[in-house]
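K.L.:
sequence unknown, structure follows:
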């Protein structure tokens, strides 16, 4: 029987840090390779790119020595990889997604969305921060452990899906089928921003979402607006009236029962948010706005993180081309969504919404409401051992302690993972607020990319120090 | 010196009618040839088709023996042709337009918009009724006169433009430059529907139009609707609020001073409209509607013909593609228009509109209003000798007397022609209400096409019988 002397922690971590430094340029090349694949899950023309991205990840994870596979689904493949169990140490599941948002509008991109370009220390490409760049930090940190140490201090499971931006249907089905396979103690997810430049954060809450499409129809076909105008309903005016009526001037959503299950913010949380170094003027300047807006009585951070909201995400109808067309359109439509906070009931909201739309709809208009996807909000205990471990790891990776924040966005799959795997998510964002997630010129700071890899490598160490409670 | 015996009227008209019958199939082929040319004036990609359509007309008119030319302009060429003056008889200017509306949405056309197809006695194509088909009736009637009789009983001037659907800028400039060239006693225009199938009409009024584009902007670029939703203005919601607020629930336009110069309808006109055989249920069934809508206190015909109206012609913003996108868009826009009645002041309306939009616009939104084009309404005396002559000609062509009606649509150039040439328009529609002008599946009844040609041939005769008043 052969024995080996366990190396001191510092030696292990020094060797890992050195590996990370030496391999930094190649990590960036890997990132750019993945960003070049236009894996837009909302666009059925991108099916081949989706397969290509999944295969890229499987190949990469296999090369690290992990048992990796592409799990076929009715939709986009799910990449799964795992390392061997480690006795007495937690099992950690890393969730990420390789699909990206549609890149439109193309003309607003400075460099093409699928030709990653480095400017001022940032890599610009669709998916740079959401979520390819952030996801890869955990792959690269794992590589560093395996290439320098030969093993991980925890069991790692990578669960990387291709439908996050369109509702994660395939992953939901997979979790329904075989949740036991993905059993874990904690779920690590990096798919959100830091609090600000140089200020990392751990996110203990996410808003949920209820996303709808509303279609309205008047006459059977388009009409001449001169011959018929003023005598028949105009579907765009009807749509405008209905959408405008869903929110009042004080920023309150008018759907009956909408606020019934909203838990009021605690004074403690309001005080904590108020202490965060949030610069409202800088926030406005960054966005090119002269004023914020929203629900009367709440601060900007409260509106973004802890209060529900209503946004119209898209609208269309009639003639949108060059010049003018005197058409009275037959139909129009819009996509809109509510951001939800924990405890809000999606069924109750859909039912109240239908009631309100019926009340707002002018005579002569037929309408149809399509529920696109839905997910409740998430709140996790901000003082768990996992959160504490993550705080120490982040301090190592970023050189300063993280703040505890919430996030306004939704990661609908987080709720499902939490429910199906009975484990709390650990939400560690390496991005920045101005990374243009879901917008043209999406970017990711390469410094944050490397800091994220280092924090992740330390996180595997910190989580490996945790032992089962008695 | 040689003398010829003037033929009796009946002989001349019989010979013309015979010519029309014999040449009917070829007239239809001519129409289809012209309809195949995709002369969409709003689309800059159609410049070559515009030139082709103009050249087609010039060639055709030259072949009849008229002095014809394409007048170059800064925009689309204007086709002009004329026959020699006839002593003591009126000079008649035929106005028409060879440009057409954009064909979108393509997928709703049963046969392609620029492949004319005959179904159930109608020719289907973009421009069939508006205005290529109706315009050609006057060309073909002139051919019949010249080929059978060798001359016309009046001097005819053809003024055929290619920018009617986008504001007639080039023709306005030409009229400013050289109106005297187009001097005439009456202006014949066929660019509107009959009152109904088998019920021809003379239209003595047109509504005007004021067409705008409204662009709204919030943040400088698209944002993630989760991260920012609820804390910054949503430009689509702002746009919906502004557009919804331009008309109240009673169908009244809320722009200050909008109704100031609207002349109330006379009891006589209301009574005349009420006597027209208008079937509201049939009207609704034809359009696929279960109710009309509009200004409270007015009938459907009154709303369409004699009252101003507001319509949103197009709207856009955010994500319109497949699936869902959680974007908080930076910008949105809409095209909308008011139909005006005579005496309404466009400047006053634009100024009131700006005032109202400023009042309706939520904080944090920048907006820009672009005036696209504008034209006042028209009313002509319904008892002039020209109208009487047209009534007799229509009775010959269609086999029944016309009714006197107004029309909700605008032909902005009509106002300019009337002002610049100091002559009243004679508005003789050969189309039908359900011809899908400006909509997919535009059509023109071939029976109406041939009846229109015959009415036009008789109109040249009837106008030729008029003599200068003492």
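P.N.:
Looks like it arrived, so ask away. All of these numbers come straight from a predicted model, not from anything done at the bench.
K.L.:
Please count neighbours and contacts with C-alpha atoms only from this point.
P.N.:
Fine.
K.L.:
Which strands and helices lie in contact with the helix or strand where residue A:302 lies?
P.N.:
Assigned by DSSP states H and E, residue A:302 belongs to helix A:300-305. The elements that helix A:300-305 packs onto, with contact taken as 3 or more Cα pairs under 8 Å, 6 or more residues apart in numbering or on different chains; DSSP states H and E, are helix A:267-275, strand A:403-407, helix B:225-228.
K.L.:
Do any residues in the first one lie close to chain B?
P.N.:
It refers to helix A:267-275. No: counting by Cα under 8 Å from any Cα of the partner chain, chain B is not contacted by helix A:267-275; separation bottoms out at 14.8 Å.
K.L.:
Also the second one?
P.N.:
Yes: under the criterion of Cα under 8 Å from any Cα, strand A:403-407 makes contact with chain B via residue A:407.
K.L.:
Now do the buried residues in the longest helix seen in chain A.
P.N.:
The longest helix of chain A (DSSP state H) is helix A:9-35. Of the residues in helix A:9-35, those with enough neighbours to count as buried (16 or more other Cα atoms under 10 Å in any protein chain shown) are A:13, A:15-17, A:19-20, A:24, A:27-28, A:30-32, A:34-35.
K.L.:
Let me have these in JSON lines, adding distance to chain B and pLDDT as columns.
P.N.:
Below are those laid out as JSON lines (distance: Cα to the nearest Cα, whole Å; pLDDT from 0 to 100):
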{"residue": "A:13", "distance to chain B": "35", "pLDDT": "93"}
{"residue": "A:15", "distance to chain B": "37", "pLDDT": "96"}
{"residue": "A:16", "distance to chain B": "34", "pLDDT": "97"}
{"residue": "A:17", "distance to chain B": "32", "pLDDT": "95"}
{"residue": "A:19", "distance to chain B": "35", "pLDDT": "98"}
{"residue": "A:20", "distance to chain B": "31", "pLDDT": "98"}
{"residue": "A:24", "distance to chain B": "29", "pLDDT": "98"}
{"residue": "A:27", "distance to chain B": "27", "pLDDT": "98"}
{"residue": "A:28", "distance to chain B": "25", "pLDDT": "98"}
{"residue": "A:30", "distance to chain B": "26", "pLDDT": "98"}
{"residue": "A:31", "distance to chain B": "22", "pLDDT": "98"}
{"residue": "A:32", "distance to chain B": "23", "pLDDT": "98"}
{"residue": "A:34", "distance to chain B": "22", "pLDDT": "98"}
{"residue": "A:35", "distance to chain B": "19", "pLDDT": "98"}
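K.L.:
of those, closest to residue A:262?
P.N.:
Taking Cα to Cα as the measure, residue A:262 sits nearest to residue A:35 out of these, at 38.8 Å.
K.L.:
Was I right to think that closest one contacts residue A:116?
P.N.:
Yes: at 6.4 Å, residue A:35 and residue A:116 qualify as touching, with contact defined as Cα atoms under 8 Å.
K.L.:
ok so, going back, just say which of the helices and strands packed on helix A:300-305 is most tucked in.
P.N.:
Of these, the one with the most neighbours on average (mean count of other Cα atoms under 10 Å in any protein chain shown) is helix B:225-228, at a mean of 27.
K.L.:
So what touches it?
P.N.:
A:207, A:304-305, A:311, A:313, A:339, A:407-410, B:326-328 (Cα atoms under 8 Å, 6 or more residues apart in numbering or on different chains).
K.L.:
Next secondary structure element downstream of that helix?
P.N.:
Proceeding N to C from helix B:225-228, the next assigned helix or strand is helix B:235-244, under DSSP H and E.
K.L.:
which secondary structure elements does that following helix contact?
P.N.:
helix A:235-244, strand A:309-318, strand B:208-217, strand B:309-318, strand B:331-340, helix B:346-360.
K.L.:
Which residues are in contact with each of residue A:35 and residue A:116?
P.N.:
Common contacts of residue A:35 and residue A:116 (Cα under 8 Å, 6+ apart): residue A:125.
K.L.:
quick one: low-confidence parts of the stretch 301-450 of chain A?
P.N.:
Under the criterion pLDDT under 70, no range of the stretch 301-450 of chain A is flagged.
K.L.:
from it, which residue is nearest to chain B?
P.N.:
residue A:409 (3.5 Å; Cα to the nearest Cα).
K.L.:
quick one: the closest residue to that residue other than its chain neighbours from residue A:418, how far?
P.N.:
Leaving aside its sequence neighbours, residue A:409 sits nearest to residue B:226 (Cα to Cα, 6 or more residues apart in numbering or on different chains; 3.5 Å). Distance, residue B:226 to residue A:418, using Cα to Cα, to the nearest Å: 20 Å.
K.L.:
Return the residues of the stretch 351-470 of chain A in contact with chain B.
P.N.:
Within the stretch 351-470 of chain A, the positions near chain B by Cα under 8 Å from any Cα are A:363, A:364, A:372, A:407, A:408, A:409, A:410, A:436, A:437, A:438, A:439, A:440.
K.L.:
Separate out the buried members of those residues.
P.N.:
By 16+ other Cα under 10 Å, these give A:364, A:372, A:407, A:408, A:409, A:410, A:436, A:437, A:438, A:439, A:440 as buried.
K.L.:
Let's have these in TSV, adding secondary structure.
P.N.:
What follows is those, written out as TSV (DSSP: H, G, I helix; E, B strand; the rest coil):
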residue	secondary structure
A:364	coil
A:372	strand
A:407	strand
A:408	coil
A:409	coil
A:410	coil
A:436	coil
A:437	coil
A:438	coil
A:439	coil
A:440	coil
